[in-house]
Each structure stands twice: as structure tokens, then as C-alpha cells.
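**Q** Need coordinates for the following:
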Amino acid sequence: MPAQPSLYLERPGPLIKFWGLFRQACIAAYEDNCFGIAKGAAYSSLLAFFPVLASIAAILARVNAEPVVRVYTEARSEKGLKALSAAANHWIFE
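**A** The predicted structure is shown next:
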């Protein structure tokens with residue numbers, strides 16, 4: 001009598017399931033251009049953040065907030081930035 005072939009199937013473990021689902025999610029995100037949309041949202045948020053910083057700087061300059069400016073200039077460690085901030089302080093406050 002010939003021997004019967006035996007086949008044992010095992011269920012995949014949770015780690016194998018996770019990597020399979022992660023791969024499918026990455027492919028679907030690429031096909032739906034989710035990365036391009038995220039890139040556009042990040043760029044737009046940076047463009048929206050710059051006017052806020054410029055407004056805060058203008059308000060601090062108008063209020064004559066020299067102690068605040070001094071803290072920011074002391075926080076910088078590079079010589080070029082210190083010279084630039086000193087020139088900016090001279091131009092703004094005098």
C-alpha cells in the first residue's frame with residue numbers, strides 16, 4: 001500500500017500577520033497618493049506658521065521687549081548668529 005502524503009498547515013503568527021497588513025497598508029497609501037497629500041499639508045502648515053512668527057516678532061519689537069530679545073540672543077551659540085542678531089537689535093530698537 002502506498003504511503004499517504006501528509007500536509008500540515010499552520011496559522012501565521014501575529015508578527016507575520018502584522019507585516020503582511022503593514023505591507024498592504026503601505027502599498028494602498030502609495031497608490032492613493034497619501035504621501036503626496038501629507039507632503040502638501042506639511043508645506044502648507046509651514047507657510048502658515050511663518051506669518052505667525054513674523055507677527056510675534058513685530059509685536060515684540062513694537063512693545064520694546066528688550067529682555068525677551070536678550071534671552072533669545074544669549075540662547076544662540078554661533079558667532080555669526082550673534083552678530084546678525086546684534087545688528088538686527090540695533091536696527092530695530094534704535
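
**Q** Going by C-alpha atoms from here, please, whenever you check contacts or count neighbours.
**A** OK.

**Q** Mind jotting down where the helices sit in this structure?
**A** Using DSSP state H, the helices of the chain run over residues 14-31, 34-63, 66-75, 79-93.

**Q** Name the stretch from those where average model confidence is lowest.
**A** For the helices of the chain, the bottom mean pLDDT is recorded on helix 79-93, which sits at a mean of 60.

**Q** What lies in contact with stretch 13-33?
**A** Stretch 13-33 has contacts (C-alpha atoms under 8 Å, 6 or more residues apart in numbering) with Phe35.

**Q** Return the set of buried residues in that stretch.
**A** For stretch 13-33, the neighbour count (16 or more other C-alpha atoms under 10 Å) marks no residue as buried.

**Q** Using CSV, write down the CA coordinates of that stretch.
**A** The C-alpha trace of stretch 13-33 is given here as CSV (Å, rounded to 0.1, in the frame of the first residue of the first chain):
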residue,chain,number,x,y,z
GLY,A,13,1.6,34.1,13.9
PRO,A,14,0.7,37.7,14.9
LEU,A,15,4.0,39.1,13.7
ILE,A,16,3.6,37.6,10.2
LYS,A,17,0.1,38.9,10.1
PHE,A,18,1.2,42.4,11.2
TRP,A,19,3.9,42.6,8.5
GLY,A,20,1.5,41.4,5.8
LEU,A,21,-1.1,44.0,6.8
PHE,A,22,1.6,46.7,7.1
ARG,A,23,2.8,45.9,3.6
GLN,A,24,-0.7,46.1,2.2
ALA,A,25,-1.3,49.5,4.0
CYS,A,26,1.9,50.9,2.6
ILE,A,27,1.0,49.9,-0.9
ALA,A,28,-2.5,51.3,-0.6
ALA,A,29,-1.2,54.6,0.8
TYR,A,30,1.2,54.9,-2.1
GLU,A,31,-1.5,54.1,-4.7
ASP,A,32,-3.9,56.6,-3.2
ASN,A,33,-1.2,59.3,-3.1
